[in-house]
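1. Here is the input, now give the coordinates:
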Amino acid sequence: MPRRLLPLLSSAALLAALTACSSDAPAPSASTPTADAAVDVCSATSGAASEAVAVTGELGTAPTVTFEAGIDAGTTERTTVIEGGGDEVTAGSSATVAYSIYNGGTGELIETYGYADDQPVTFAADATKLLPGLAKTIGCATVGSRIASVIPAAEAWGAEGNEQVGVAAGASLVAVIDIESVVPTRAWGEEQPAPEGLPTVTLADDGAPTVAVPSTDPPAELQVAVLKKGDGEVVPDTATVTVQYQGVQWDTGEVFDQSWGSGPTSFSLDQVVPGFSQAIAGQTVGSQVLAVIPPALAYGEASGENAHELAGKTLIFVIDILAIN
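-> This next block holds a predicted model:
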């Protein structure tokens, strides 16, 4: 999957420019290892550039931010404006945040989101899923903290810039991020009776599922079973969610895609196959859902015009719903 830049931004232009998931995928695949996988997201320290960013305002409210246009740094610098005493955002984990992001070249605000009545968004402390400089802004920070960072172009949009959001080639970014919570890595809801006739799911100590497929023909219609019932918000039809998931083929029992091993991932329900979206919408955060998806609601029937490797396949997904973005 191409690297996700920002997992969610509120404006349509930014969402189109920065969200990088294919609409024909059942769910985002685990990222192919790249040089970004070696980025130490906990390595950023305070420096002259980040200390020159003046930030006022209370945690949880949109900050007032001032700095000199043209600010830059050789590598991402971050300064803790408010230090929280909560859990640490460990490397590879995800956090719900509120943020204000500025064009470091011009000093102009790109977007502020997640404060007041806005739904917080989920950022991963993982440079394969988020701009490396933003991953380094939150990596190993603690819940309740407000962090100010200066991100050079090399750890943002590089020599190409981002025309859609008005960031010129080689321009830096300035970010102010409030760390609200660490996203759990597995569903925490109350266990529900296992359904009969559907695949069975057993969980490892870390929550990773193993699916056993029954030796029967697959169901012709979408089947959804709640294995754990969460106590969180109801997922809207058009939500962007953070999940852990595993996908298994009914006919072979083989895992063809999963987030386990690379960490929770975020995507919009309009970016996945219909059966996957229908299985999540209306469920509650904290739930674990088992979905058996027939070809018509997955990749369609195999044909001369449809040669997708999963065409004609009934797919099984185990989905842990961790957050709504």
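
2. What score does the residue nearest to Gly170 when sequence neighbours are not counted have for pLDDT?
-> With sequence-adjacent residues excluded and distances taken as C-beta to C-beta, 6 or more residues apart in numbering, Gly170 is closest to Ala153, at 4.7 Å. C-beta coordinates here come from the backbone N, C-alpha and C atoms, glycine included. Ala153 is assigned a pLDDT of 96 by the prediction.

3. Equivalent analysis for Ile138, please.
-> With respect to pLDDT, Ile138 has a value of 97.

4. what's in contact with the strand or helix carrying Thr79?
-> When elements are assigned from DSSP states H and E, Thr79 belongs to strand 77-82. The contact list for strand 77-82 (C-beta atoms under 8 Å, 6 or more residues apart in numbering) reads 44-51, 53, 55, 59, 136-137, 141, 144-150, 176.

5. residue ranges for the helices of the stretch 201-325 of the chain, please.
-> 274-280 (DSSP state H, counting those that start in this stretch).

6. Stretch 259-270: end-to-end distance?
-> 19 Å (C-alpha to C-alpha, to the nearest Å).

7. go on, stretch 208-225?
-> Using C-alpha to C-alpha, the two ends of stretch 208-225 sit 18 Å apart.

8. what comes up buried for it?
-> Ala208, Pro209, Val211, Val213, Pro218, Leu222, Gln223, Val224, Ala225 (16 or more other C-beta atoms under 10 Å).

9. sorry, back to before: report the distance from the strand holding Thr79 to the chain centre.
-> Counting by C-alpha atoms, centre = their mean, to the nearest Å, strand 77-82 is centred 23 Å from the centre of its parent chain.

10. Now do the helix or strand following that strand: which elements does it pack against?
-> Proceeding N to C from strand 77-82, the next assigned helix or strand is strand 94-103, under DSSP H and E. With contacts taken as 3 or more C-beta pairs under 8 Å, 6 or more residues apart in numbering; DSSP states H and E, strand 94-103 sits against strand 109-113, strand 121-124, strand 173-182, strand 315-324.

11. Dump those to JSON lines, plus mean pLDDT.
-> Shown next, in JSON lines, are the helices and strands packed on strand 94-103 (pLDDT from 0 to 100):
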{"stretch": "strand 109-113", "mean pLDDT": "91"}
{"stretch": "strand 121-124", "mean pLDDT": "87"}
{"stretch": "strand 173-182", "mean pLDDT": "97"}
{"stretch": "strand 315-324", "mean pLDDT": "96"}
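
12. Output those strands as TSV; include the columns mean neighbour count and distance to Tyr102.
-> Converted to TSV, these look like this (neighbours: other C-beta atoms under 10 Å; distance: least, C-beta to C-beta, whole Å):
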stretch	mean neighbour count	distance to Tyr102
strand 109-113	17	5
strand 121-124	27	16
strand 173-182	24	4
strand 315-324	26	26
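
13. Weed out the non-buried ones from the contacts of strand 77-82.
-> 44, 47, 49-50, 53, 55, 59, 136-137, 141, 144-150, 176.

14. Show only the entries of the residues you listed found in helices.
-> Ala49, Ser50, Lys136, Thr137 (DSSP state H).

15. Please name the nearest non-neighbouring residue to Ala125.
-> That would be Gly139: by C-beta to C-beta, 6+ apart, it lies 4.2 Å from Ala125.

16. Over to Ile82?
-> Per C-beta to C-beta, 6+ apart, closest to Ile82 is Arg146, 4.0 Å.

17. so how far is Gln249 from Thr112?
-> 44 Å (C-beta to C-beta, to the nearest Å).

18. same thing with Leu109?
-> Counting by C-beta to C-beta - Leu109 and Gln249 are separated by 47 Å.

19. And Thr202, by the same measure?
-> To Gln249, Thr202 is 18 Å away according to C-beta to C-beta.

20. So for these two, which sits in the more crowded spot?
-> The neighbour comparison of Thr202 against Gln249 (other C-beta atoms under 10 Å) goes to Gln249, with 19 against 9.

21. For that one, list each beta-bridge partner.
-> Taking DSSP bridges, one finds Leu315 as the beta-bridge partners of Gln249.

22. my guess is it contacts Phe256, does it?
-> Yes. In terms of C-beta atoms under 8 Å, Gln249 counts as a neighbour of Phe256; the distance is 5.8 Å.

23. Which residue would you name as the spatial centre of this structure?
-> Ser266 (2.9 Å; C-alpha atoms, centre = their mean).

24. For that one, give its distance to Gln244.
-> 11 Å.

25. same thing with Glu77?
-> 32 Å.

26. give the contact list for the residue nearest to Ala168 when sequence neighbours are not counted.
-> Closest residue in space to Ala168, ignoring its immediate chain neighbours: Gly161 at 4.8 Å, by C-beta to C-beta, 6+ apart. Counting by C-beta under 8 Å, 6+ apart, Gly161 touches Ala153, Val167, Ala168, Ala169, Gly170, Ala171.
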